[in-house]
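**Student:** Dropping a prediction and its sequence here:
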Protein chains: 2
Amino acid sequence: MAHINKNYLKLPGSYLFSTIGKKVREYQEANPDSDIIRLGIGDVTQPIAPAIISSLHSAVDEMGSADSFHGYAPDLGYEFLRSAIAKTDYQDRSCNISADEIFISDGAKCDCGNIQEIFGLDNRIAVCDPVYPVYVDSNVMAGRTGEYDPEAGRFKDVIYMTCRSENGFVPELPEEKPDLIYLCFPNNPTGAVIKTAELQKWVDYARKNGSIILYDAAYEAYISEAGVPHSIYECEGARECAIEFRSFSKTAGFTGLRLGFTVIPKDLEADGEKLWPLWARRHGTKYNGAPYIVQRAGEAVYTPEGRAQITEQIAYYMGNAKIIKEGLAKAGFEASGGVNAPYIWLRTPDGMTSWEFFDYLLEKGGVVGTPGSGFGPAGEYYFRLTAFGSRENTIKAMERFSNL
Amino acid sequence: MAHINKNYLKLPGSYLFSTIGKKVREYQEANPDSDIIRLGIGDVTQPIAPAIISSLHSAVDEMGSADSFHGYAPDLGYEFLRSAIAKTDYQDRSCNISADEIFISDGAKCDCGNIQEIFGLDNRIAVCDPVYPVYVDSNVMAGRTGEYDPEAGRFKDVIYMTCRSENGFVPELPEEKPDLIYLCFPNNPTGAVIKTAELQKWVDYARKNGSIILYDAAYEAYISEAGVPHSIYECEGARECAIEFRSFSKTAGFTGLRLGFTVIPKDLEADGEKLWPLWARRHGTKYNGAPYIVQRAGEAVYTPEGRAQITEQIAYYMGNAKIIKEGLAKAGFEASGGVNAPYIWLRTPDGMTSWEFFDYLLEKGGVVGTPGSGFGPAGEYYFRLTAFGSRENTIKAMERFSNL
């Protein structure tokens, strides 16, 4: 008789963004004339840049002709894309990462969710609180977290590293030693960043304890200040303790195109075993590559035209972030983030819980945001807005905030 | 200190097709003038059909304009595609499957590999031998198979169902009761099919024992004979015991575009829990949807033009299959398959092992096939050829066979 994976039943409620989507759909059905502005889910709104569109069209034409058709992609992804990434994102920043240490995938969410598979079930994980839900949820499913404590809003066997305004939303090194440490900077949801010297302490800590850092750098393209690392491999010794995840979703608007990559240095070991061949095996066995046309689109991101166009797009979103921060300040909200990240993290007014404020903002302002508590209990009384709306909607949303 | 998932170390060698790729690359480097014909990996060679190419171009244009841009896809996939599938592949064949029981993904390989996650580690799996390696390998990685016995070429805790010419490559119902039963018809690698009445026995058996059938129907488009089911849901009661996987890879040449889907009926239960919400949760947490443009390409497969064009493509490949079967017969080989499937399964000559014949065929004939033993020990002394080459190469390969 077949048995289910009972770990799934430990997950409280549904995936955060599915819940939000459902709430908004229901609200919209009940209020068909409402003009909802979505600054909730971190989805982009700007169209794919012209250089990338043009590359997609050429690649589609290639697929339509027998002599240029492409079937299954190489296991790690196409060399043309891996080389462009290795050069631009790493070697040009003095990070010692080569093309064959890069695994192309269909996005950082999948990679962040799947990476735990190559580690044993006996590993203890540490996550920031609040945190992008995928890190914890994928470990719950695997059975690495123990039971959920509804009072604490936390899983028993997870080491939570609280991030609140008191520590600038950057966690302290945990006293209890974790085996796997999930870090995300620029941070989703708080928009906080970590300085290079600070990140170096984490690398040193991980090396000392034999921990592996799972570093989610999906938002690195939004970094505007000096001294903020774009990659964990800017730190000395990171090749020996860190895996890095990157995404084209926020860098180049690929949320609907799907492209990302994971970096696993060939030196990286646990239990005396290299991790590179384990991930290669997983990739080869359970995945079949990102579409050729999308990998060509990714390549276009690294051309001079593509680069100029996405830089402009990011500047556009960061212009929105500025409008949100200024609008919130004017409306009397306490907020952070939005300088090196497309996320603005605000404290809810009048002691409202995150979900109370979600409902209040939707009903009074017609604006959708993300409840901070959806990212963990330390996110309670916080709320996330994103800079990914259109300029017009962002300005309108801020007008509505000032009239709340 | 981080620990690896030691189950990965139980996997003997690398993923089959990665090994073949490596061997062929090495041979080609050593013999740069050799004219290799690849009938090994099941990759298609015909370009994407014009109706699909045209749909891709339109979708790419949509992505380039703010008012038609698409970001994250809905969790289950776009409704336009799920509805087309539900109608054409199921309802028109009198299978009671609705659009919201279909989960769009980037391919059957990923889904077949990931599906085991929603089941407990205490489930006993049954697989055909020989078999597509992903079923077993993904269960090894999860820790469901016990140790590998190199002498037997089998994992201790897996129920293997031998498929050889004696049983027409269709397994008998296993005496020992499995919890999860992987079936693939039309079969990869043998090209064998199961008749509807025969499959009904499996459905009855699964319902009686509370087993779940994981039915891989990736090759259903190649069925040419009556009485052969295209879907397991043609059998009575299958909604209560079966999950089905489908792929656009072989149906419409999407190996490089990546699209597939999984059907989980809402009735389906194990341990008194519905499986649909578990897979929905996995999909929502660890996956972010197939690209919008590729889902539009999938939709084009269901238009009258698209349908006519892919039917022609399949007829082309099945023409190859006929040439291979006739060529093999003329060259004195014993072979089966190739009538309702793009695979031809031949017995190696002169008692050669599968890998011996692989090397012999590559060196003497410059033809790449797949060693039967790579699919399991009962595949030893067999060899798989695919009909996915070009007509010209297929004819040339058969000439080389006759000169072996």
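**Tutor:** Received the coordinates, thanks. Residues are numbered from 1 along each chain as shown, chains lettered A, B, ... in the order given.
**Student:** Could you use CA atoms for every contact and neighbour count after this?
**Tutor:** Fine.
**Student:** burial of whatever residue of the stretch 301-404 of chain A ends up closest to chain B, as a residue count?
**Tutor:** In the stretch 301-404 of chain A, the residue that lies nearest chain B is A:S390 (9.4 Å; C-alpha to the nearest C-alpha). The burial count assigned to A:S390 is 19, neighbours taken as other C-alpha atoms under 10 Å in any protein chain shown.
**Student:** which residues sit in contact with it?
**Tutor:** A:T45, A:Q46, A:N320 (C-alpha atoms under 8 Å, 6 or more residues apart in numbering or on different chains).
**Student:** Return the subset of those lying in strands.
**Tutor:** Among these, no member falls in strands (criterion: DSSP state E).
**Student:** okay, the residues you listed in a markdown table with neighbour count and distance to A:M63 next?
**Tutor:** What follows is the contacts of A:S390, written out as a markdown table (neighbours: other C-alpha atoms under 10 Å in any protein chain shown; distance: C-alpha to C-alpha, whole Å):
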| residue | neighbour count | distance to A:M63 |
| --- | --- | --- |
| A:T45 | 20 | 28 |
| A:Q46 | 23 | 27 |
| A:N320 | 24 | 38 |
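**Student:** same for chain B: which of those are within range?
**Tutor:** Subset of those in contact with chain B: A:T45, A:Q46, counting by C-alpha under 8 Å from any C-alpha of the partner chain.
**Student:** so which of the contacts of A:S390 comes closest to B:Y78?
**Tutor:** Using C-alpha to C-alpha, A:T45 is the member of these that lies nearest B:Y78, at 18.1 Å.
**Student:** Confirm for me that that closest one is in contact with B:S68.
**Tutor:** No - counting by C-alpha atoms under 8 Å, A:T45 stays clear of B:S68, with 9.9 Å between them.
**Student:** Close to chain B: what parts of the stretch 151-300 of chain A are there?
**Tutor:** A:178-180, A:209-212, A:253-258, A:270-271, A:273, A:275, A:278, A:281, A:284-293.
**Student:** ok, now with 7 Å
**Tutor:** By the rule C-alpha under 7 Å from any C-alpha of the partner chain, the part of the stretch 151-300 of chain A lying against chain B is A:179-180, A:209-212, A:255-258, A:270-271, A:278, A:281, A:284-288, A:291-292.
**Student:** What's the nearest residue in the stretch 251-400 of chain A when you look at chain B?
**Tutor:** The minimum distance from the stretch 251-400 of chain A to chain B, using C-alpha to the nearest C-alpha, falls at A:G256 (4.1 Å).
**Student:** How far does stretch A:41-54 sit from its chain's centre?
**Tutor:** Relative to its parent chain, stretch A:41-54 has a centroid offset of 17 Å by C-alpha atoms, centre = their mean, to the nearest Å.
**Student:** Give me the below-cutoff pLDDT ranges for chain A.
**Tutor:** By pLDDT under 70, the low-scoring segments of chain A are A:14-15.
**Student:** per-domain residue ranges of it.
**Tutor:** Domain segmentation of chain A under automatic domain parsing yields A:13-48+A:306-402, A:53-304.
**Student:** now these as JSON lines including distance to B:W355?
**Tutor:** Formatted as JSON lines, the domains of chain A follow (distance: least, C-alpha to C-alpha, whole Å):
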{"stretch": "domain A:13-48+A:306-402", "distance to B:W355": "47"}
{"stretch": "domain A:53-304", "distance to B:W355": "21"}
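**Student:** Of all the ones you listed, which one is nearest B:S336?
**Tutor:** That would be domain A:53-304 among these, by C-alpha to C-alpha, at 26.0 Å.
**Student:** Show me the helices in chain A, by range?
**Tutor:** A:16-30, A:50-63, A:79-85, A:108-114, A:133-142, A:196-209, A:249-252, A:276-286, A:292-300, A:304-330, A:354-360, A:391-402 (DSSP state H).
**Student:** could you dump the shortest one to CSV, C-alpha only?
**Tutor:** The one in question is helix A:249-252. Output in CSV follows, covering the C-alpha atoms of helix A:249-252 (Å, rounded to 0.1, in the frame of the first residue of the first chain):
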residue,chain,number,x,y,z
SER,A,249,14.5,36.8,-13.3
LYS,A,250,15.1,40.1,-11.6
THR,A,251,18.3,40.9,-13.5
ALA,A,252,16.8,40.8,-16.9
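**Student:** contacts for that helix?
**Tutor:** Applying C-alpha atoms under 7 Å, 6 or more residues apart in numbering or on different chains, the contact partners of helix A:249-252 are A:V44, A:Y219, A:A221, A:T255, A:R258, A:L259, A:I310.
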